[in-house]
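S.K.: sharing a model that was predicted from the sequence below.
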Amino acid sequence: MLEYKQSELEVMIGHAQYVPSLNSVFPWTSLISMVTDHFTHRDYPHKVTDSIIITTEDATKDLPDFLLAMNLTDKVRFKVQTGDWLAITDFCAYTESSWIDSIIREKYINMHFQPIITSEGSIYGYELLARFINNDGETIYPDVIFPGARARGRTFALDRLCRIQGVRQVARLQKNQKAFINFIPTAIYRPEYCLKTTTAVANQLNIDNERFVFEVVETEKTDDTDHLKSILTYYQDNGFCYALDDVGAGYNTLDLLSDLKPPYVKLDRQFVDGVHASSDKQAVALAFLEKADEYGAVTLAEGIESADDFKWLKSLGYQLFQGYLFGKPLPDPLDVDRIDLTLL
C-alpha cells in the first residue's frame, strides 16, 4: 500500500483500489465516512483500516453511480491488483470483462501454427498464436480478449496460460523446428517467480531449450528497459532464445537493439508490406539488418503477402520469413518440412 500523502487517499475495495485526490473543501475523511455509510446501508460487507476500505466486487459495482450522484467521479481512480490506475468511470468495463475469468479458469484456448521459413523454403519453425473459445464455441481473437484481460486485471494470468500452452505444442513439431512463443513483458513482475511454471513445463518435455524462442510483444509497450533486460536474462540463463517482435515500431529502436542484443529480430509488417517499391521502407529494413548483423542476430521479416516483397528482402539478406504468402495460422503444423517457393 502507498502511504497517505497530502490530499491522496488510497482505499482498497475487494479486488480494486481507489485513490481519491481531494482538496481541503472536501476532506478525505468525509469520503471514507460517506462510502462506508453507503456500504452499511446496503448491507455490503466491508472493513476499514486507516484509509483502506476492503469489501466485495458486488459492493463496488454501486460505487461509480454513488460517486456520480455526488459529482465526485473525477476525484477517484481504481486499481485492480497490480494493474494501472484507472478512472472510476472505467469500473464498468472491469465488471463487464468478467467473462475473461471463465476463459482462463476453463482454459478455453487453442494454439494455431504459422510457419516460419528460410530463404530456400525449409520450415524453420512456427509462431504459436493463441485462439480462444467462448461457451458457444465461437472463436475470440487476441485483439478482443487481451484488452478485456487488461480491464479485468487478468493480463498476467492470460499471458501465463498462453505461454504454457505454447510451450506444450513443441512436441507436435519436427525435431529440428523451433517454437516462437509470445509473451507480454509488462505482465511479468519478477521473472524468477512469474516464469517458473513456464520453464518447468519446458524442462518436463525433455526438449532442448534452444528450440523455444520467446517473443517480446510490442503492443504491450514498456518504458522499463532494465525490467525487460531482467526477463530476457532469465530466459537466456535458462537456455532459451528470445526475439524482439515488431522491430521498427513502438519502443523497439536501433538503440534498444544495441542494448538488448536479441538473438532474433522480427521486422514489423508495416515496413514489410510494399517494401519492394518503397524507398522509405527499404531504408528501415536495411538499417535494422545492418544493426542485427553487428552482433549476429537472426533477422526475420513478418507479414509477407507479396512475392515481390519476399524476393527483395531475401536479396537484401534477411534470413527468415513469415506471412500469408507461405501459410496462414492453422490448428495443426504442416505435414511437410518445406514450402514450395517455385510457385511464387
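M.R.: Good, I have the coordinates. On a predicted model such as this, the values are computed, not experimentally measured, just so you know.

S.K.: ok, Gln169 touching His112?
M.R.: No: the pair Gln169 / His112 is not scored as a contact, 9.6 Å apart, by Cβ atoms under 8 Å. In this view, the C-beta of every residue, glycine as well, is placed from N, C-alpha and C.

S.K.: which residues do these two both contact?
M.R.: Leu128 (Cβ atoms under 8 Å, 6 or more residues apart in numbering).

S.K.: enumerate the beta-bridge partners assigned to Gly114.
M.R.: In this structure residue 114 is Gln, not Gly. Glu127 (DSSP bridges).

S.K.: count of residues packed around it?
M.R.: 20 (other Cβ atoms under 10 Å).

S.K.: just list the residues touching it, thanks.
M.R.: Tyr126, Glu127, Leu129, Gln322, Gly327, Lys328, Pro329, Leu330.

S.K.: a markdown table for those residues, including distance to Leu316, secondary structure and neighbour count?
M.R.: A markdown table is the format used below for these (distance: Cβ to Cβ, whole Å; DSSP: H, G, I helix; E, B strand; the rest coil; neighbours: other Cβ atoms under 10 Å):
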| residue | distance to Leu316 | secondary structure | neighbour count |
| --- | --- | --- | --- |
| Tyr126 | 24 | strand | 29 |
| Glu127 | 22 | strand | 25 |
| Leu129 | 26 | strand | 19 |
| Gln322 | 16 | strand | 24 |
| Gly327 | 22 | coil | 18 |
| Lys328 | 25 | coil | 11 |
| Pro329 | 26 | coil | 16 |
| Leu330 | 29 | strand | 13 |
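
S.K.: of all those, which two lie farthest apart?
M.R.: Gln322 and Leu330 (13.5 Å; Cβ to Cβ).

S.K.: show me where the stretch 51-200 of the chain has strands.
M.R.: 52-55, 77-80, 85-87, 109-118, 123-133, 139-140, 178-183 (DSSP state E, counting those that start in this stretch).

S.K.: what are the C-alpha coordinates of the first one, in CSV please?
M.R.: This file holds the C-alpha atoms of strand 52-55, laid out as CSV (Å, rounded to 0.1, in the frame of the first residue of the first chain):
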residue,chain,number,x,y,z
ILE,A,52,-8.2,1.5,3.4
ILE,A,53,-11.7,0.1,2.8
ILE,A,54,-12.0,-3.6,1.9
THR,A,55,-15.2,-5.0,0.5
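
S.K.: so which elements touch that strand?
M.R.: strand 11-13, helix 28-41, strand 46-49 (3 or more Cβ pairs under 8 Å, 6 or more residues apart in numbering; DSSP states H and E).

S.K.: longest single helix anywhere in the protein?
M.R.: The longest helix of the chain (DSSP state H) is helix 279-295.

S.K.: who does the next helix or strand after that one pair up with?
M.R.: Toward the C-terminus, helix 279-295 is succeeded by strand 298-301 as the next helix or strand (DSSP states H and E). Strand 298-301 pairs in its sheet with strand 264-267 (parallel), strand 320-322 (parallel), by DSSP bridges.

S.K.: just these: most buried one?
M.R.: Each of the strands paired with strand 298-301 was scored by mean neighbour count; the highest is strand 264-267, a mean of 27, by mean count of other Cβ atoms under 10 Å.

S.K.: where does the stretch 151-300 of the chain dip in pLDDT?
M.R.: Low-confidence segments of the stretch 151-300 of the chain (pLDDT under 70): 218-222, 246-253.

S.K.: what sits against Gly125?
M.R.: Here Gly125 is in contact with Pro115, Ile116, Leu173, Gln177, Lys178, Ala179, Phe180, Arg211, Val213 (Cβ under 8 Å, 6+ apart).

S.K.: quick one: the helices in the protein?
M.R.: Going by DSSP H, the chain shows helices at 28-41, 57-60, 63-69, 91-96, 99-106, 142-152, 155-168, 191-194, 196-204, 225-237, 254-260, 269-272, 279-295, 307-316.
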